[in-house]
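In: with the input below, show me the fold.
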Amino acid sequence: MTGNTEGATVEIDTELNPATVEVIRNYLHSAATEMMRTLVRTAYNTTIYEMLDFGISLYDEELNLVAEAPGLTLFLGANDYGVKKAVEYVGAENLQEGDVVLMNYPYWSSAHTLDPCLISPIFHDDDRIGYAVVRAHWMDMGAKDAAYVHDSTELYQEGLVFPGTKIYEAGEPDEELIELLRFNTRMSQKVLGDLNAQISALRVGRRRYAELYDRYDAETVRAAVARVVEHGVTKAREGVQELPDGTWYAEDHLDDDGISDDLVRMAVEVTIDGDRFTVDFSDSADQVKGPVNLPYGKTETMGKLALKTLTTHDEPTNAGHYEPLSVIAPEGNLFHATPPAPTFTQWPAHTGIMMVYEALAEGMPDRIPASSGSDLGAVMFWGERQERDECFMMGCNEGVGWGGTADHDGVNGVMNITESNVRNTPIEVMESNTPLLIERVELRTDSGGAGEHRGGLGIQKDYRFTHNADALATVKKTKTDNWGIDGGQPGAQNAVVLRPGTDDEESTGTFRDSFTAGERLSNRTAGGGGYGDPYGRSPEAVRADVIDGYVSREAARDTYGVVLNDDDSIDYEATATLREEEK
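Out: As a prediction, the model looks like this:
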């Protein structure tokens, strides 16, 4: 290889060397990260630029994932499925430079209608060399309800649907389609602003990817990408082979489907056999009347997440990392929705991933933490800002407690694993853009499941309305417990408390309601499960938890068998006696 300056062509030896492979691999990930930064800097709604509710991916010409930017976990895997469906629908031969395809048909895009996937081919010297994909959460697509739909019974109530439609052709926008969006969305300025932000991110990705072909010849880039993917396959297979062989089963429930109050049954069977990793949801309920049905592409992503965390969690992702995976969900199953089944909330992905880990914990409890809070603590607010003569719509997902493990306590107040890098909305942003005052944000004492290694604590966040507004929450894990391991106890359940401290106080999960000035809402997220017998926790660790406010004095005594004196010192004699009596 000869030296070069920026933009110069590099001559490559016939034999591809590892340094070149690493330069190209890191360049692609850097390109995806630059796409992310462009999106965050130009997006219009806080769900994108504050919460980071997006997924950004780059693919080669064969639609193999080659790089992605940090984002929402389930979006990233869903992009893999969505880009294939979009190219299949439009036809690769019908794509030209500058085209942008808009797709939010949930059964193909693998997300609900508010998460449109924008796909653009990448060309170099008239050759199609790859694809850039940016998915992000929009504020509205003209669904029957503002903000979020909880009770749709068919897709057609969930907003405008695009199966794979060119919104840009040869670099020029389709103004008629853009006007269609403008006149069919409640917040057209934000929707069109976010569309343009995604377009900008795609341009960055296309440009950076093509620059590789300016710096290296096509043969070299393709060979390097193939080497990276091949390495991913090898590492993933080795990772699966290190896991114990076996078949394990677990089941769990959603609170409801949005139409009836009946629990919705989820079930999974996970099989590891040599270098194959199979996740089978066939025993789950059939698809239901309400919008909790899951498109298969998102179900597949749940399997990808479980496999990735157990095998190649410390490596940037490429298509090779998923080669050992098979995900089974028959059509018409809860985890493989078919048209026109409603799919808007898609909550089995967020609660069901813990069910997958619960099955795995049967065979490898030393590798798997106890359950996390198993939900997102998702609340949204919307209405009019009379002092500004404008509408607002803003959401916030809250952290949950993660489960304890074989060697440490669970983490307090972090996002569900399905959310990855997603953040909550900062208090300053909420208060300056909505008629809300955040009166309290704190860890929930005693919410972490008891165990030798305690589960992480959930969060309590209290909102007070300073003007009239509407609100909703999407929380589907309030009626059933999460789980501990090896004698560990479940963490506290999720709860959204409406109008706390009044005669109208109500503890609920998913709801939609209107509030007047002065009324309050308290969002309380679940704690993680504990790991091991609570009496195995050292009295000193329990005392520290009490001092930190993680565990109450009452729970220290009743659950952990640790007696504290008034000065918070440990009464070792009383503790020993109590623990012996309770054995």
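In: helices of the stretch 1-150 of the chain, start to end?
Out: Applying DSSP state H, counting those that start in this stretch to the stretch 1-150 of the chain gives helices spanning 18-42, 46-49, 73-90, 106-109.
In: out of those, which is closest to Glu506?
Out: Evaluated over those, closeness to Glu506 peaks at helix 46-49, with 26.6 Å, by Cβ to Cβ. Where C-beta positions appear, they are placed from N, C-alpha and C, glycine not excepted.
In: state the mean pLDDT of the closest one.
Out: Averaged over helix 46-49, pLDDT sits at 95.
In: for that helix, name the packing helices and strands.
Out: helix 18-42, strand 390-396 (3 or more Cβ pairs under 8 Å, 6 or more residues apart in numbering; DSSP states H and E).
In: please name the nearest non-neighbouring residue to the most centrally placed residue in the chain.
Out: Residue closest to the mean C-alpha point of the chain, counted by Cα atoms, centre = their mean, is Glu419 at 2.8 Å. Once flanking residues are discounted, Glu419 sits nearest to Leu72: 6.0 Å by Cβ to Cβ, 6 or more residues apart in numbering.
In: the one you found reaches Gly55, doesn't it?
Out: Yes: with contact defined as Cβ atoms under 8 Å, Leu72 reaches Gly55; the gap is 5.6 Å.
In: between those two, who's got more neighbours?
Out: Neighbours were tallied for Leu72 and for Gly55 using other Cβ atoms under 10 Å; the higher tally belongs to Gly55 (30 against 26).
In: so the more buried one touches Leu118, yeah?
Out: No: here Gly55 does not reach Leu118: they are 10.9 Å apart, not a contact under Cβ under 8 Å.
In: what do those two both touch?
Out: Contact criterion Cβ atoms under 8 Å, 6 or more residues apart in numbering; residues shared by Gly55 and Leu118: Val133, Val134, Arg135.
In: between the residues you listed, which is nearest Asp261?
Out: Among the shared contacts of Gly55 and Leu118, and counting by Cβ to Cβ, the member closest to Asp261 is Arg135, at 32.6 Å.
In: please name the bridge partners of that closest one.
Out: Here Arg135 sits in beta bridges with Gly55, Cys117, going by DSSP bridges.
In: against Ala78, how distant is it?
Out: Computed with Cβ to Cβ, to the nearest Å, the distance linking Arg135 and Ala78 is 7 Å.
In: with Glu251 instead?
Out: Here the criterion is Cβ to Cβ. By it, Glu251 lies 24 Å from Ala78.
In: between the two, which is the more surrounded one?
Out: Each of Glu251 and Ala78 has its neighbours counted (other Cβ under 10 Å); Ala78 has more, 29 against 15.
In: what sits against the closest residue to Val87 other than its chain neighbours?
Out: Spatially, and ignoring its direct neighbours in sequence, Val87 is nearest to Leu63 (6.5 Å; Cβ to Cβ, 6+ apart). Contact partners of Leu63, counting by Cβ under 8 Å, 6+ apart, are Val83, Lys84, Val87, Tyr131.
In: count the residues that sit near Val23.
Out: By the criterion of other Cβ under 10 Å, Val23 has 17 neighbours.
In: run through the helices of the chain in chain order.
Out: 18-42, 46-49, 73-90, 106-109, 175-183, 188-215, 218-241, 296-311, 348-363, 427-433, 539-548, 553-558, 572-582 (DSSP state H).
In: which strands or helices does the fourth one pack on?
Out: Spelled out, that is helix 106-109. helix 73-90, helix 296-311.
In: tell me which of those helices lies nearest to Gly258.
Out: Among the helices and strands packed on helix 106-109, the nearest to Gly258 by Cβ to Cβ is helix 296-311 (17.3 Å).
In: starting at the chain centroid, how far to that closest one?
Out: On the basis of Cα atoms, centre = their mean, to the nearest Å, helix 296-311 sits 11 Å off its chain's mean C-alpha point.
In: ok, Asp262 touching Asp256?
Out: Yes: with contacts counted by Cβ under 8 Å, Asp262 reaches Asp256, the gap being 6.5 Å.
In: more neighbours, these two?
Out: Using other Cβ under 10 Å as the criterion, Asp262 and Asp256 rank with Asp256 on top: 22 against 13.
In: follow-up on the earlier one: okay if I get the helices and strands packed on helix 46-49 as JSON lines plus mean pLDDT and distance to Leu325?
Out: Converted to JSON lines, those look like this (pLDDT from 0 to 100; distance: least, Cβ to Cβ, whole Å):
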{"stretch": "helix 18-42", "mean pLDDT": "97", "distance to Leu325": "22"}
{"stretch": "strand 390-396", "mean pLDDT": "91", "distance to Leu325": "31"}
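In: deepest in the core, which of the ones you listed is it.
Out: Neighbour counts (mean count of other Cβ atoms under 10 Å) averaged over each of those peak at strand 390-396, with a mean of 20.
In: identify the residues contacting the nearest residue to Glu315 once chain neighbours are set aside.
Out: Among residues not flanking Glu315 along the chain, Lys235 sits closest, at 6.6 Å (Cβ to Cβ, 6+ apart). By Cβ under 8 Å, 6+ apart, Lys235 lies in contact with Thr311, Thr312, Glu315, Gly320, His321.
In: which among the residues you listed end up buried?
Out: Using 16 or more other Cβ atoms under 10 Å as the burial test, the contacts of Lys235 include Thr311, Thr312, Gly320, His321 as buried.
In: unless I'm mixing things up, the third one is touching Gly232, no?
Out: So the one you mean is Gly320. Yes: at 2.5 Å, Gly320 counts as touching Gly232 under the criterion of Cβ under 8 Å.
In: list the buried residues for stretch 541-559?
Out: Val542, Arg543, Asp545, Val546, Tyr550, Val551, Ala555, Ala556, Arg557, Thr559.
In: next, the fifth one: phi, psi?
Out: Going back to what we said before, that points to Tyr550. Backbone geometry at Tyr550, expressed as degrees, to the nearest 10, gives phi -80, psi -40.
In: check contacts around it.
Out: Asn412, Leu443, Thr445, Asp446, Gly448, Arg454, Leu457.
In: name the nearest residue to the second one, sequence neighbours excluded.
Out: By the measure of Cβ to Cβ, 6+ apart, the closest residue to Leu443 outside its immediate chain neighbours is Leu457, 4.3 Å from it.
In: that older thread, got the helices and strands packed on helix 46-49 as JSON lines, with distance to Ala226 columns?
Out: Shown next, in JSON lines, are those (distance: least, Cβ to Cβ, whole Å):
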{"stretch": "helix 18-42", "distance to Ala226": "10"}
{"stretch": "strand 390-396", "distance to Ala226": "41"}
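In: looking at those, which is nearest to Asp481?
Out: Between these, strand 390-396 lies closest to Asp481; by Cβ to Cβ that is 24.9 Å.
In: so the closest one versus helix 188-215, what angle?
Out: Here strand 390-396 points in a direction 60 degrees away from that of helix 188-215 (axes from the mean of the first three to the mean of the last three Cα atoms, to 10 degrees).
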